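K.L.:
Build the 3D model from these lines:
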Amino acid sequence: MKTIRLTMAQALVRFLDNQYVELDGREHKFVKGMFGIFGHGNVTGIGEALENQDTALTYLQGHNEQGMVHAAIAYAKQKNRLEIFACTSSIGPGALNMITAAATATINRIPVLLLPGDIFACRQPDPVLQQLEVSGDYTISVNDCFKPVSKYWDRITRPEQLMTALLNAFRVLTDPVDTGAVTLSLPQDVQSEAYDYPTAFFAKRVHVIDRQPLAARALRQAVLHMKNAKRPLIIAGGGVHYSQACEELADFAGTFGIPVAETQAGKSAMHWKHAMSVGGIGVTGTLAANRLAKEADLILVIGSRLSDFTTTSKDAFQSHDTPMLHINVSAFDGYKMGGILLQADAKAALGALREALLDEGYRTDEIYRHTVKTYRAEWHAESERLYQLSPAEGNSQIRILGMLNETLRENDIIVCAAGSLPGDLHRLWRCSKPKSYHLEYGFSCMGYEVAGGLGVKMADPTAEVYVLVGDGSYLMMHSELLTSIQEGYKINIIIFNNSGYQCIHHLQRAHGSKGFGNEFRYRSSETNRLNGPLIAIDFTRYAEALGARAYHTANMESLKSLLESTRDSTVSTVINIDVHPDTMSKSYESWWRVGVAAVSSSQDVLAAHHKMNEMIRKSKVY
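P.N.:
This is a model prediction of the structure:
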């Protein structure tokens, strides 16, 4: 057997450079490169390997470990999970900074490979700088915290263990069902230890992603339910995108006259002008979609994990007996809400189901299709009304979004994650092209936005990428703005500055509170609470200091002008616009369950608690 002597880190880098995935006969180089921040846990191991190994991997310097992983997640999401970036960190705090992002990847079913440095396996420099000592179990390090947020976790304590670990890692990373964060903990001494690895281990390896067909039994069951449905509704989730089934979905909906509502992950699967497109569903959904959900006599869910925002905390469907069919590669997701599992790839399943329903001569009747048309028209009229609303003072968030939606071009991509913006975008943004809408709403992780914008731009360098972010989320993390400037990936950041966490402030007040701790205010000497004057933050100078082109605008007219003048810029741009609080859209026939205090000195809180209990009694229970 031919071998080559390499350090464990060198072997790791060489292996990553030769991994490919294949879907529908087309190969994709799976690992495009690596983000990293070096420290004493990885600089002399992986750092040396990246510096001196001849590979096609691109190394990008991160500026916050969480941020760089978020960028890697956004890249993989935009590439429909067919390409990824790995991420390396030092030990201790550097590693722990990646845990929030690991959860973001796993919850959203996005592949990302994490390579945190770890403490010495030999235990001789003990305790090493940044080591957490657990007196009752000395095998534990901070990297064990990755276990609950990783789909696969391993610690490489001998260089030859790398081979088994990498095969398992890529088994998970390339599996549409089990994918998510994969963590390989790399003790800093083992990274630099040598082993005679078989050269065959580094040969090009193609991981084939086969489309899972819909079983004949499941197809018969689906047809049996669907051919009797008078008022069916499709819920399109992220699986539609990852299966590359957007065209099939649009054709299926049009052929059979079935309306399609989209989750946050599924949005942009349908052109907003398609006759069967009824927009977002759930807590942040449209009136049309939520009405149709309540009236539906069958729900066909395609590639969704059915979060509480999608089901309005299980209150979305009026009849508890409504059949719910799940097309999903994951049985775990397919059984939710007492559903009937149709375990299959979305594209394959839609094709099979289409042919079977054509044989049955199925199509919804004219009355139902007219109802869909009426609801769509009413919602579009309501959207136009909302886009024209102006508050008594300041700028309206909804109106700004309306102007942006009208101004941005078809190939432009918007990125968002947290706050009130995702609700308005899901409800009101009009998508013309798949993948033009990039929302991280599985974890709704504040701080994802700027890093996510970088990842999206890396995935599609020809697109103009617009990061829509509230001031609260921007303050949490914007470090990868510097990476975008450093690497020449121009992104456009629009900060909606409403002086606080106004989304949660609104939620708080909607449940009996007068407002507490959610606005960016100075502490009052009179009340000893944060209800003094608002804090003025100069986001413009803040961004300019990093090398971005930055602007402050007071109104929509100047914002529109700035969008036009900065479009051809090659440097990342930050535009800060003041937004009046509480100018987001409200719920349309939807409810979201939050825990409300059962005992309170506030009568408003007690009333909200009573209302919560009434809604719980009406909800579907599973």
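
K.L.:
pLDDT below threshold where in this structure?
P.N.:
Within the chain, the stretches with pLDDT under 70 are 319-320, 619-622.

K.L.:
Could you report the distance from the residue nearest the centre of it to residue 415?
P.N.:
Nearest to the mean C-alpha position of the chain, counting by C-alpha atoms, centre = their mean, stands residue 440 at 2.4 Å. Separation of residue 440 from residue 415 (C-beta to C-beta, to the nearest Å): 8 Å. Any C-beta I mention is one placed from the backbone N, CA and C, and that applies to glycine too.

K.L.:
Give the residues shared as contacts by these two.
P.N.:
Both residue 440 and residue 415 are contacted by 74, 452, under the criterion C-beta atoms under 8 Å, 6 or more residues apart in numbering.

K.L.:
is it true that the residue nearest to the centre of the chain touches residue 71?
P.N.:
No - Residue 440 is beyond contact range of residue 71, at 11.6 Å (criterion: C-beta atoms under 8 Å).

K.L.:
Please enumerate the shared neighbours of these two.
P.N.:
Residues touching both residue 440 and residue 71 (C-beta under 8 Å, 6+ apart) are residue 452.

K.L.:
ends of stretch 210-230, how far apart?
P.N.:
Using C-alpha to C-alpha, to the nearest Å, the span of stretch 210-230 from its first residue to its last is 34 Å.

K.L.:
what helix or strand does residue 241 sit in?
P.N.:
Assessed by DSSP states H and E, residue 241 sits inside helix 238-242.

K.L.:
Please list the outside residues in contact with the helix or strand that comes right after that helix.
P.N.:
Going down the chain from helix 238-242, the next helix or strand is helix 246-256, by DSSP H and E. The contact list for helix 246-256 (C-beta under 8 Å, 6+ apart) reads 234, 236, 240, 258-260, 269-271, 274-277, 302, 346-347, 350-351, 353-354, 357-358, 362-364, 434.

K.L.:
Filter the residues you listed down to just the ones in strands.
P.N.:
Among the contacts of helix 246-256, DSSP state E puts 234, 236, 260, 277, 302 in strands.

K.L.:
The last one: what's it in contact with?
P.N.:
Right, residue 302. With contact set as C-beta under 8 Å, 6+ apart, residue 302 has these partners: 234-237, 239-240, 245, 249, 266, 327-328, 346, 349-350.

K.L.:
how about a cut-off of 7 Å?
P.N.:
Counting by C-beta atoms under 7 Å, 6 or more residues apart in numbering, residue 302 makes contact with 234-237, 239-240, 327, 346.

K.L.:
Ok, the first one next?
P.N.:
For residue 234, the contacting residues are 253, 258-261, 300, 302, taking C-beta under 7 Å, 6+ apart as the criterion.

K.L.:
Helices of the stretch 501-622 of the chain, start to end?
P.N.:
502-509, 539-544, 556-566, 603-618 (DSSP state H, counting those that start in this stretch).

K.L.:
And the second one, what does it pack against?
P.N.:
Judged by 3 or more C-beta pairs under 7 Å, 6 or more residues apart in numbering; DSSP states H and E, the packing partners of helix 539-544 are strand 549-553, strand 573-578.

K.L.:
mind listing the strands for the stretch 101-250 of the chain?
P.N.:
Per DSSP state E, counting those that start in this stretch, the stretch 101-250 of the chain carries strands over the ranges 112-118, 152-155, 181-187, 194-198, 205-208, 232-236.

K.L.:
quick one: the last one to chain centroid distance?
P.N.:
For strand 232-236, the separation from the chain centroid amounts to 21 Å (computed by C-alpha atoms, centre = their mean, to the nearest Å).

K.L.:
and what of the first one?
P.N.:
Distance of strand 112-118 from the chain centroid (C-alpha atoms, centre = their mean) equals 20 Å.

K.L.:
Between the contacts of residue 302, which sits nearest residue 185?
P.N.:
Among the contacts of residue 302, residue 239 lies closest to residue 185 (C-beta to C-beta), at 30.6 Å.

K.L.:
residue contacts, that closest one?
P.N.:
Here residue 239 is in contact with 302-304, 328, 346 (C-beta under 7 Å, 6+ apart).

K.L.:
Buried subset of those as a PyMOL selection?
P.N.:
For the buried members of the contacts of residue 239, the matching PyMOL selection, counting by 16 or more other C-beta atoms under 10 Å, is:
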select buried, resi 302+303+304+328+346
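
K.L.:
The contacts of residue 239 into CSV, with extra columns for distance to residue 368?
P.N.:
Below are the contacts of residue 239 laid out as CSV (distance: C-beta to C-beta, whole Å):
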residue, distance to residue 368
302, 19
303, 24
304, 23
328, 26
346, 24
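
K.L.:
So which bits of stretch 494-511 are buried?
P.N.:
Using 16+ other C-beta under 10 Å as the test for burial, stretch 494-511 gives 494-503, 505-506, 508, 511.

K.L.:
How far away from the center of its chain is stretch 177-193?
P.N.:
When distances are taken as C-alpha atoms, centre = their mean, stretch 177-193 is centred 23 Å away from the chain's centroid.

K.L.:
Can you dump the C-alpha atoms of it in PDB for me?
P.N.:
Below are the C-alpha coordinates for stretch 177-193, written out as PDB (Å, rounded to 0.1, in the frame of the first residue of the first chain):
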ATOM      1  CA  VAL A 177     -31.800  14.300   5.800                       C
ATOM      2  CA  ASP A 178     -29.100  14.500   8.400                       C
ATOM      3  CA  THR A 179     -27.100  17.500   7.300                       C
ATOM      4  CA  GLY A 180     -26.200  20.400   9.600                       C
ATOM      5  CA  ALA A 181     -23.200  21.400  11.600                       C
ATOM      6  CA  VAL A 182     -20.400  18.800  11.700                       C
ATOM      7  CA  THR A 183     -17.700  19.400  14.400                       C
ATOM      8  CA  LEU A 184     -14.300  17.800  14.400                       C
ATOM      9  CA  SER A 185     -12.400  18.900  17.600                       C
ATOM     10  CA  LEU A 186      -8.700  19.000  16.800                       C
ATOM     11  CA  PRO A 187      -6.300  18.900  19.800                       C
ATOM     12  CA  GLN A 188      -3.500  21.300  19.000                       C
ATOM     13  CA  ASP A 189      -0.700  18.800  19.500                       C
ATOM     14  CA  VAL A 190      -2.400  16.100  17.300                       C
ATOM     15  CA  GLN A 191      -2.800  18.600  14.400                       C
ATOM     16  CA  SER A 192       1.000  18.600  14.100                       C
ATOM     17  CA  GLU A 193       1.700  14.900  14.600                       C
END
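
K.L.:
isn't there a helix covering residue 373?
P.N.:
Yes - counting by DSSP: H, G, I helix; E, B strand; the rest coil, residue 373 is located in a helix.

K.L.:
For residue 515, see how far away it is.
P.N.:
Here residue 373 is placed at a distance of 42 Å from residue 515 (C-beta to C-beta).
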